[in-house]
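Colleague: give the three-dimensional model of this entry:
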Amino acid sequence: MTRDDTLAGVDSRTVDTARLETHYLESGGTDRADDESTTVLFLHGNVSSSRFFEDAMADLPARHRAVAPDLRGYGDSETKPVDATNGLGDFEGDVSALVAELGLERPFALVGWSNGGGVAMRYAIDHPDDVSALVLVNPLSPHGFGGTRDVDGTPCFDDYAGSGGGIGNDAFVAGLADRDRSVEGQTSPRKVLRTYYVDPTHEFDDEREESYLTGMLDTATGAENYPGSSIPSDNWPGIAPGETGVNNAISPKYCDLEAITEIDPDEKPPVLWIRGDSDQIVSNASLFDLGTLGRMGELPDWPGEDVFPPQPMVDQTRTVLERYADRGGEFEEVVFGNAGHTPHLEVPGDFLDRLESVLRG
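Modeller: Prediction:
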């Protein structure tokens with residue numbers, strides 16, 4: 001399946017790889033000069049698609065070839081189950097197969113946003129020679145999402161209760177499944193897009209908002225995809241990760257990306273870490289984290305700060321990247337003001353300036 005509504009300069013294509021029928025967007029690759037052109041691979045986040053990078057691809061100078069796939073279960077790509085027991089391995093394997101099928105020029109710049117940042121880290125761990133630079137945009141913590149208590153990713157409970165497929169909001173998942181485009185309710189996909197994906201003061205262009213909303217609604221829901229399965233737990237809040245689905249793949253039970261620090265110093269790509277200062281999804285007090293909600297009094301029977309504190313997601317990422325630098329790599333942290341979880345949409349000029357500086361080396 002391909003789209004006929006892409007922005008000028010961006011093409012919609014579908015290819016059969018060794019693993020997955022993959023839809024992707026592509027731009028540029030013209031007016032190339034050996035010392036000025038770079039291939040860029042964009043990886044989107046959870047409950048989204050390549051549509052969230054389409055604006056950046058349209059504005060990127062044409063000398064750079066840009067490719068943005070829809071990951072499995074998202075956008076217009078094939079839906080297949082996610083084996084969470086391999087962490088983000090299914091997504092990384094799909095990306096690797098796409099790189100091979102398209103014959104992408106290597107090394108390339110790898111840009112990962114949110115969950116896509118986790119996939120990008122996993123790709124760099126497995127294929128460091130492929131990556132000339134790693135750009136992490138409001139990335140998933142290297143210690144996954146939910147249920148950890150400190151900068152080293154220590155789990156609150158041995159069974160990782162409080163993370164995984166069981167912590168998804170049922171009403172939001174139902175809205176995705178029903179392709180709800182309304183503005184009604186605090187958990188409607190449109191309301192979540194306007195309130196949490198961006199700083200709440202941000203206003204979307206109407207046409208672009210519809211495209212981003214479509215990108216959210218094109219999410220496969222259920223136990224094998226989003227949010228995933230769960231199992232009962234004797235620990236608060238009574239649920240622990242199952243073995244299938246996206247939110248289990250990013251549970252700290254299965255997702256551990258600290259091996260990025262162990263890449264050979266000669267192969268470590270430079271890392272640019274970009275984040276918005278008002279991110280409500282990936283932060284030290286994420287409104288999607290049960291520790292934060294418990295502390296706010298929004299969840300019953302919260303066992304308290306000593307047992308289940310908010311996950312220090314940003315501090316965890318910084319700690320891992322500092323170890324990355326101590327072991328021969330380099331990273332830069334850039335914080336954009338008045339931006340939430342999607343600085344590439346909220347402050348596109350600033351984002352592209354930083355990205356182009358990376359592409360220039």
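
Colleague: below-threshold pLDDT in the stretch 151-300 of the chain: ranges please.
Modeller: Judged by pLDDT under 70, the stretch 151-300 of the chain has no weakly predicted residues.

Colleague: how about the helices in it?
Modeller: 170-177, 189-192, 206-217, 246-249, 290-295 (DSSP state H, counting those that start in this stretch).

Colleague: now tabulate these in TSV and tack on distance to residue 333 and mean neighbour count.
Modeller: (C-beta placed from N, C-alpha, C; glycine too.) Shown next, in TSV, are the helices of the stretch 151-300 of the chain (distance: least, C-beta to C-beta, whole Å; neighbours: other C-beta atoms under 10 Å):
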stretch	distance to residue 333	mean neighbour count
helix 170-177	30	17
helix 189-192	27	21
helix 206-217	26	17
helix 246-249	26	30
helix 290-295	22	21
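
Colleague: tell me which of those lies nearest to residue 14.
Modeller: helix 206-217 (16.2 Å; C-beta to C-beta).

Colleague: by how many degrees do that closest one and helix 170-177 diverge?
Modeller: 110 degrees (axes from the mean of the first three to the mean of the last three C-alpha atoms, to 10 degrees).

Colleague: circling back: make CSV from the helices of the stretch 151-300 of the chain and add distance to residue 320 to it.
Modeller: What follows is these, written out as CSV (distance: least, C-beta to C-beta, whole Å):
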stretch, distance to residue 320
helix 170-177, 29
helix 189-192, 28
helix 206-217, 29
helix 246-249, 18
helix 290-295, 19
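
Colleague: those: which one's closest to residue 229?
Modeller: Nearest to residue 229, of the helices of the stretch 151-300 of the chain and by C-beta to C-beta, is helix 246-249 at 6.7 Å.

Colleague: other SSEs contacting that closest one?
Modeller: strand 226-227 (3 or more C-beta pairs under 8 Å, 6 or more residues apart in numbering; DSSP states H and E).

Colleague: gap between the strand it packs on and the chain center?
Modeller: Chain-centre distance of strand 226-227: 14 Å, with C-alpha atoms, centre = their mean, to the nearest Å.

Colleague: could you say what helices and strands that strand packs with?
Modeller: helix 170-177, helix 246-249.

Colleague: which of the helices of the stretch 151-300 of the chain sits closest to residue 357?
Modeller: helix 206-217 (25.1 Å).

Colleague: what's the spacing between the closest one and its chain's center?
Modeller: That offset, for helix 206-217, works out to 17 Å (C-alpha atoms, centre = their mean).

Colleague: alpha carbons only: can I get that helix in CSV?
Modeller: C-alpha atoms of helix 206-217 as CSV (Å, rounded to 0.1, in the frame of the first residue of the first chain):
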residue,chain,number,x,y,z
ASP,A,206,-5.2,21.7,10.7
GLU,A,207,-4.1,19.6,7.7
ARG,A,208,-0.9,18.4,9.3
GLU,A,209,-2.8,17.5,12.5
GLU,A,210,-5.1,15.2,10.5
SER,A,211,-2.1,13.5,9.0
TYR,A,212,-0.4,12.9,12.4
LEU,A,213,-3.7,11.7,13.8
THR,A,214,-4.0,9.2,11.0
GLY,A,215,-0.4,8.1,11.8
MET,A,216,-1.6,7.3,15.4
LEU,A,217,-4.8,5.5,14.3
